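Participant: Provided below for reference: sequence and predicted model.
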Amino acid sequence: MQIGNVILDPPFILAPLAGFSDLPFRLLCREYGAALCYSEMISCHGLVYRQPNTLDMLKTVAAERPVSIQLFGSEPEVMGEAAAILSDYPIDLIDINMGCPVRKVIRKGAGAAMMKEPELAAKVIRRVRNNTDLPVTVKIRSGWSHERITAADFARMVEEAGATAVAIHGRTWTDGFGGRADRAVIKAVKAAVSIPVIGNGDILSYRDGLAMMAETGCDAVMVGRGALGNPFVFSPDGRPADTAGIIPALDRHLELVEEHYPSERVLARTKNQAGRYFKGVPGGSKMRQLIYSATSFRELKDLLDSHR
């Protein structure tokens with residue numbers, strides 16, 4: 001699969017995950033086989049006003065390229081200005097979020113709320129596109145509700161407005177993350193546009209991704225919550241069955257955290273990520289308890305060493 005001049009092989013992508021898709025996790029997923037990773041959602045206002053916390057989220061290194069930075073916002077002028085700022089960073093793609101279901105994003109008219117305003121959404125895409133030479137992609141949902149499944153029409157607008165690819169999560173806003181992603185909607189989007197289509201929703205293994213592509217015809221798949229504690233989702237070999245097989249991946253994750261962040265400052269975030277590695281694994285409940293009770297990054301690393 002190709003987006004602009006970015007070639008994705010294999011066509012497996014890490015989704016933007018608020019609170020999780022930081023630089024260490026993106027690097028880890030790249031090492032395990034992800035061809036492209038998206039950043040956490042970046043507020044266009046935070047970027048334009050140069051807020052320190054927002055700028056910190058833009059940290060990247062050459063080893064993770066290609067990388068896509070995802071913007072959210074509903075004001076065309078501000079989104080365009082943010083795109084111009086991003087164009088000076090060493091990144092490869094800009095994605096516009098038009099699918100986030102979180103209420104604090106929706107209240108600002110951004111995320112999935114944009115699917116109720118296709119004319120405004122088109123203005124946002126065009127303004128971003130006119131302010132960067134980078135490929136621009138858009139992430140959407142199947143619609144606002146099951147009575148308003150608009151993804152195919154919306155995707156046509158996305159293409160007409162100048163986007164280079166579209167990612168479609170097969171759930172509506174009213175679904176949130178419940179139920180099952182509707183692959184028929186993803187298939188309909190693929191039939192509606194000529195730009196590459198990325199399918200998203202319920203990908204928990206490499207095999208799931210291949211099945212989605214076969215069933216819908218989508219050009220690539222995007223893995224979201226299925227990657228949490230599970231970078232193995234990007235590998236054909238899949239997730240190890242026991243703690244001993246999982247620890248090396250988490251150990252590498254912690255190495256990357258130490259390399260790129262003040263490890264003690266991000267301890268709470270790291271423990272939240274680390275605990276997810278052991279869900280559904282024999283003895284995993286005890287491991288999670290030990291991880292969450294660790295009071296320092298050193299203690300967290302010593303815990304892993306003691307369970308090798």
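Facilitator: The structure has been received and is ready for your questions.

Participant: would you map the helices across the stretch 151-300 of the chain?
Facilitator: Under the criterion DSSP state H, counting those that start in this stretch, helices of the stretch 151-300 of the chain are mapped to 151-160, 183-192, 206-216, 243-260, 267-275, 284-293, 297-306.

Participant: make JSON lines from the ones you listed and add mean neighbour count to it.
Facilitator: In short, each C-beta sits where N, CA and C put it, glycine included. Conversion of these to JSON lines gives the following (neighbours: other Cβ atoms under 10 Å):
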{"stretch": "helix 151-160", "mean neighbour count": "20"}
{"stretch": "helix 183-192", "mean neighbour count": "20"}
{"stretch": "helix 206-216", "mean neighbour count": "17"}
{"stretch": "helix 243-260", "mean neighbour count": "17"}
{"stretch": "helix 267-275", "mean neighbour count": "18"}
{"stretch": "helix 284-293", "mean neighbour count": "16"}
{"stretch": "helix 297-306", "mean neighbour count": "15"}
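
Participant: quick one: the strands in the protein, in order.
Facilitator: Counting by DSSP state E, the segments of the chain that form strands are 2-3, 6-7, 12-14, 36-43, 67-72, 93-98, 136-145, 148-149, 165-172, 197-200, 220-223.

Participant: CSV please, covering the ones you listed and showing mean pLDDT.
Facilitator: Below are the strands of the chain laid out as CSV (pLDDT from 0 to 100):
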stretch, mean pLDDT
strand 2-3, 94
strand 6-7, 94
strand 12-14, 98
strand 36-43, 97
strand 67-72, 98
strand 93-98, 98
strand 136-145, 96
strand 148-149, 92
strand 165-172, 97
strand 197-200, 98
strand 220-223, 98
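
Participant: for residue 264, which of those is the nearest?
Facilitator: Of all the strands of the chain, the one in closest proximity to residue 264, counting by Cβ to Cβ, is strand 36-43 (21.0 Å).

Participant: ok, residue 112 touching residue 103?
Facilitator: No: look at residue 112 against residue 103 with Cβ atoms under 8 Å: they stay out of range, at 10.3 Å.

Participant: ok so, going back, export the helices of the stretch 151-300 of the chain as a markdown table, with columns for distance to residue 199 and mean pLDDT.
Facilitator: Rendered in a markdown table, the data for these read as follows (distance: least, Cβ to Cβ, whole Å; pLDDT from 0 to 100):
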| stretch | distance to residue 199 | mean pLDDT |
| --- | --- | --- |
| helix 151-160 | 11 | 98 |
| helix 183-192 | 4 | 98 |
| helix 206-216 | 5 | 98 |
| helix 243-260 | 25 | 95 |
| helix 267-275 | 25 | 96 |
| helix 284-293 | 29 | 95 |
| helix 297-306 | 34 | 93 |
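
Participant: and of these, who's closest to residue 19?
Facilitator: It is, among the helices of the stretch 151-300 of the chain and with distance given as Cβ to Cβ, helix 267-275, at 7.0 Å.

Participant: give me the angle between that closest one and helix 284-293.
Facilitator: Between helix 267-275 and helix 284-293, the angle formed by their directions is 170 degrees, by axes from the mean of the first three to the mean of the last three Cα atoms, to 10 degrees.

Participant: contacts for helix 267-275?
Facilitator: The contact list for helix 267-275 (Cβ atoms under 8 Å, 6 or more residues apart in numbering) reads 19-20, 22, 25, 228-229, 250, 253-254, 257, 263, 287-288, 291-292, 294, 296-297, 300.

Participant: before we move on, what about stretch 234-242?
Facilitator: By Cβ under 8 Å, 6+ apart, stretch 234-242 touches 10, 12, 14, 29, 32-34, 205-207, 223, 227, 230, 232-233, 246, 281-282.

Participant: just the buried ones from those residues, in ChimeraX syntax?
Facilitator: In ChimeraX, the members of the contacts of stretch 234-242 classed as buried (16 or more other Cβ atoms under 10 Å) are selected with the following command:
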select :10,12,14,29,32,33,34,205,206,223,227,230,232,233,246,281
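
Participant: turn the strands of the chain into CSV, columns for distance to residue 242.
Facilitator: Supplementary listing: the strands of the chain in CSV, determined by distance: least, Cβ to Cβ, whole Å:
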stretch, distance to residue 242
strand 2-3, 37
strand 6-7, 36
strand 12-14, 24
strand 36-43, 27
strand 67-72, 32
strand 93-98, 36
strand 136-145, 35
strand 148-149, 42
strand 165-172, 32
strand 197-200, 30
strand 220-223, 22
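
Participant: gap between residue 145 and residue 174?
Facilitator: Relative to residue 174, residue 145 is positioned 5 Å away (Cβ to Cβ, to the nearest Å).
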